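> Below are the sequence and a predicted model; questions follow.
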Amino acid sequence: MTGGRLGRVVRAVKARSKRARGLSDDELRNETARLRSELARGRSLDAIMPEAYAAIAEADRRVLGTYPYDEQIYGAAALQAGCLAEMSTGEGKTLTATMPLYLHALTGRSTILVTANEYLAYRDAEQMRPVFTFMGLTERAGVSKAPDHTLTNDEKRENYAADILYTTHSVLAFDYLLNNLVKRAEDRFLRDFDFILIDEADSVLLDGAQMPLVISGSPRVQSDLYATADFFASTLREKRDYEVEDKAVWLTDDGVRYAERYFGIPNLFARESFELNRHIQLALRARVLFKPQEDYMVSDKGEVVLLDNSTGRSLPGMKLRGGVHQALEQKERLEISQEQRSVASITYQNLFLMFPMMCGMSGTFSDARSELLRVYHKRVVVVPTHRGVQRVDREDRYFQTAEEQYDAALKETLRCHASGRPVLVVTATIQDTQIFSRMLVEKHVPHSVLNANNAYWEAEIIAAAGQKNAVTVSTGMAGRGTDIKLGEGVRKLGGLAVIGLGRMQNTRLERQARGRAGRQGDPGSSQFFVSLEDEIVTQMYPEKASQILDADRPVSRRKLRGVIDRAQRTIGEQSVSSREQAVRYDRILRRQREILYGARNRLLDGETVPEDQVRSIVRQNLNRFVSGHPKLTQAELNRYVLDNLSYELDQEELSMLRDAPDARTLVNRLDDYAERLYSAKVATFASPEELQDYTRACMLKALDEGWVEEVDYLQQLQYAIVSRGTAQRNPIFEYSREAYRSFQDMQRMMMESIARNFFLAEFQMGRDGKRKILFP
């Protein structure tokens, strides 16, 4: 949608606002029913949008005392067009969201807003609930106010049944996965997805794109290879034994040969070496790709706690999948936690792409326009600011060494502090916050520190960051979603001063930091202090940085800027490449997930299983068994019957089977035997409905067990497959081929499990008087 069309929407809403203002409270509330009837008569959402927006905007005015600005209506129109609306800090995204949320709630279909954390979801739901209630709609927060309370399925069902739901990205993702793990149709709690509005969308669509959401189940057998592989990885040298690119690491050809000599194996890529190869890859990733105090930290309890490296926020309770977490624990010489099987998994990309209508808001979309269009097919619309930005963004200052950089940043902090201006120092890592905090202590400057170690106090720290004389040192988390409001007299002093310490991973993160100042036309300033010793420079161009530093002579600003900015561009390009690769990997899993979840839901919904389907499955299993055993022994035949058909060996039947002259006859006789067992089983049910319930239960059990194995295997495969690039193989192609073969194996295993469950499951009477199935 073009700016001209959006402008016409704004004018249309304003034209209808006069009528809305003249309505009584009851008449305004009745607009909800009237607009729903308009939709029922066939009018489209776009057609009723001006009336709906005018109605909810008037409700905002009456309930909250705030009427949306033209720019907020403009942003709401962009959201209804399915765009990503870039709105600067303090421009009122929360109020803007009420308009598209109200419009889509009129349909009666699922209408969800997701945001970055539970505090924001609960806060926004509480603040906006009176408006939606005034208009006759139900609104819920999909998160619990009490951190130690886990919502029940009944509570979740009530939340998702509401007209409008405020929740978080991660809660929605896990609820989707859990909803597809229930054993009974009545335990499901989600409605079909329809409309989703993503607040701070770049945080999840881009920064969180590579972090899949995984539900773990039963523990896998604990491996003793972590220590061995970690020690081996410690002997490797970059470029000679391994290479790093696009946030991936793999063994070179020399590294592969060294591994084969070290472990005394002929082929590292052979199937029998799969686990060893996987653990080597895990150890390499832990040692090379994961940096302490940036990607993770070790808690006081001796546990590895993950960090969001774009914000510095801790991610309590979240573990890396596929054994990476255990490899990090081994690297840090901690007690290795139990590795869990992956039961279900999804990435944010594929979660949000399931919504027929998706839109989002953030203050920093522009720098990622092309990626957002390419991956999500979403256009970015820059919403004009209401008062104009008064913040002064000063040119970056470049230094050769970190010592010079820190000293200059400290002097600027002290200068601003001396005048009473509040200062927010934004750093790239937790370690940087700690170093700068110690420097402030030495200068006797009172200050607050905000990082993953004390995130509990985030709201309080940020609330005070705009007060006179305040100095706050923070990682990139900096209270995103919470405005920094200036204290009394601060505007006259020049507003909030943002000092960026170190070059960040991309310009979007730097814009977020700058945007903490200059809220709603307030004065403010920002400036970044960067050096050749910033981590992204030493990570991308270690030799170039060392060469300049070792020269021990002044370097021009132009040369410093060239090296440092090029490092940022390179790491940004690698991040884009990594995110796109993560999408391709999960796209393969998504196809399988859709097939399995579709079949699973049909079973839960009571789909009738054709009468001859179990018979057909049994016949296929028998053919596969006999053809796979050309020299079948009596012991193998007995074992197959015991494991798949009957716990009771009928000697007369076995004699007939044993005397079969050829494979075809054996299959036919096995089939006849299975048919008699099938008929006997069917006769135990009082009605066809009972038989159908039992058959569906057998299929559901087999499907779930097979899917758990498949998800877990594909999670492991992603790490092992990377090393195949050294053998001139395309990892994505290799993964796709292996995943297809694994899917076929899973289908065969499911068919065997269905038959085994049908024949061998037994019934037990429960305390409630109902029969329960005991599966083999």
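Perfect, thanks for sending it.

> Ala567 contacts Gly502, doesn't it?
No. The pair Ala567 / Gly502 is not scored as a contact, 11.5 Å apart, by Cβ atoms under 8 Å. For every residue, glycine as well, the C-beta is placed using N, CA and C.

> Give me the common contacts of these two.
Both Ala567 and Gly502 are contacted by Asp534, under the criterion Cβ atoms under 8 Å, 6 or more residues apart in numbering.

> which residues in the stretch 501-650 of the chain form strands?
Per DSSP state E, counting those that start in this stretch, the stretch 501-650 of the chain carries strands over the ranges 524-531.

> next SSE after the helix-or-strand element of the chain with minimal mean pLDDT?
Ranked by mean pLDDT, DSSP states H and E, the weakest helix or strand in the chain is strand 213-219, scoring a mean of 69. As assigned by DSSP states H and E, the chain's next helix or strand after strand 213-219 is helix 225-234.

> Which SSE is immediately downstream of that following helix?
Proceeding N to C from helix 225-234, the next assigned helix or strand is strand 242-245, under DSSP H and E.

> Next secondary structure after that next one?
Counting by DSSP H and E, the element after strand 242-245 in chain order, helix or strand, is strand 248-251.

> residues of the helix or strand following that following strand that come out buried?
Past strand 248-251, heading to the C-terminal end, the next element that is a helix or strand (DSSP H and E) is helix 253-263. Within helix 253-263, the residues that qualify as buried are 255-256, 258-259, counting by 16 or more other Cβ atoms under 10 Å.

> roughly how far apart are the nearest residue to Asp565 once chain neighbours are set aside and Asp202?
Excluding the flanking residues, the one nearest Asp565 by Cβ to Cβ, 6 or more residues apart in numbering is Arg503, at 7.9 Å. Using Cβ to Cβ, to the nearest Å, we find Arg503 at a distance of 19 Å from Asp202.

> ok, now Asp194?
23 Å.

> Just want to know which of these two has more residues nearby.
Each of Asp194 and Asp202 has its neighbours counted (other Cβ atoms under 10 Å); Asp202 has more, 28 against 15.

> helix/strand/coil for the more buried one?
helix (DSSP: H, G, I helix; E, B strand; the rest coil).

> which residues touch it?
Shown in contact with Asp202 (Cβ under 8 Å, 6+ apart): 360, 362, 364-365, 368, 508.

> and if you look at Leu645?
Contacts of Leu645 were listed using Cβ under 8 Å, 6+ apart, and they are 673-674, 677, 755, 759-760.

> again, only this time at 10 Å
By Cβ atoms under 10 Å, 6 or more residues apart in numbering, the contact set of Leu645 is 618, 621-622, 653, 670, 673-674, 677-678, 755-756, 758-760.

> Flag the least confident of these.
Among the contacts of Leu645, Glu653 carries the weakest pLDDT, at 73.

> Report whether that residue is found in a helix, as I expect.
Yes. Under three-state DSSP, Glu653 sits within a helix.

> burial of the closest residue to it other than its chain neighbours, as a residue count?
Ranked by Cβ to Cβ, 6+ apart and with sequence neighbours excluded, the top spatial neighbour of Glu653 is Tyr673, at 5.4 Å. Using other Cβ under 10 Å, Tyr673 has 19 neighbouring residues.

> Please apply the same query to Met699.
By the criterion of other Cβ under 10 Å, Met699 has 25 neighbours.

> Same question for Ala185.
Residue crowding around Ala185 was assessed by other Cβ under 10 Å; the count is 11.

> on that earlier part again, could you flag which of the contacts of Asp202 are buried?
The buried subset of the contacts of Asp202 - by 16+ other Cβ under 10 Å - is 360, 362, 364-365, 368, 508.

> In the stretch 1-150 of the chain, what residue spans correspond to strands?
Under DSSP E, counting those that start in this stretch, the stretch 1-150 of the chain gives strands at 84-86, 111-115, 139-141.

> before we move on, the earlier item: list just the nearest of the buried ones among the contacts of Asp202 to Glu395.
Of all the buried ones among the contacts of Asp202, Glu395 sits closest to Arg508, with 18.8 Å by Cβ to Cβ.

> Check the closest one and give its pLDDT.
Listed pLDDT for Arg508 reads 87.

> next one: Glu51
Looking at Glu51, its pLDDT is 97.

> pretty sure it is touching Ala20, no?
Yes. Glu51 is in contact with Ala20 according to Cβ atoms under 10 Å; the separation is 8.2 Å.

> Give me the common contacts of those two.
Residues touching both Glu51 and Ala20 (Cβ under 10 Å, 6+ apart) are 13, 31.

> on that earlier part again, tell me the one of the contacts of Leu645 nearest Gln390?
Nearest to Gln390 out of the contacts of Leu645 is Arg756 (Cβ to Cβ; 71.9 Å).

> Could you find the closest non-adjacent residue to Gln431?
Leaving out its chain neighbours, the residue that sits closest to Gln431 by Cβ to Cβ, 6+ apart is Gln293, at 4.3 Å.

> no wait, Ala567
Excluding its sequence neighbours, the residue lying closest to Ala567 (Cβ to Cβ, 6+ apart) is Met540, at 4.1 Å.

> for Ile196, same thing?
Nearest one to Ile196, counting by Cβ to Cβ, 6+ apart, is Phe355 at 4.5 Å.

> Double-check that that neighbour belongs to a strand.
No. Read with three-state DSSP, Phe355 is coil and lies in no strand.

> What is the neighbour count of it?
Phe355: 17 surrounding residues under other Cβ under 10 Å.

> likewise His447?
For His447, using other Cβ under 10 Å, the count is 18.

> show me what contacts it?
413, 417, 423, 425, 436-437, 440-441, 469-473.

> Drop anything exposed from the residues you listed.
Listed as buried from these are 413, 417, 423, 425, 436-437, 440, 469-473; burial here means 16+ other Cβ under 10 Å.

> who's in contact with the nearest residue to Gln512 once chain neighbours are set aside?
Using Cβ to Cβ, 6+ apart and skipping the chain neighbours, the partner closest in space to Gln512 is Thr364 (5.2 Å). Neighbouring residues of Thr364 by Cβ under 10 Å, 6+ apart: 86, 88-89, 200-203, 206, 506-515.
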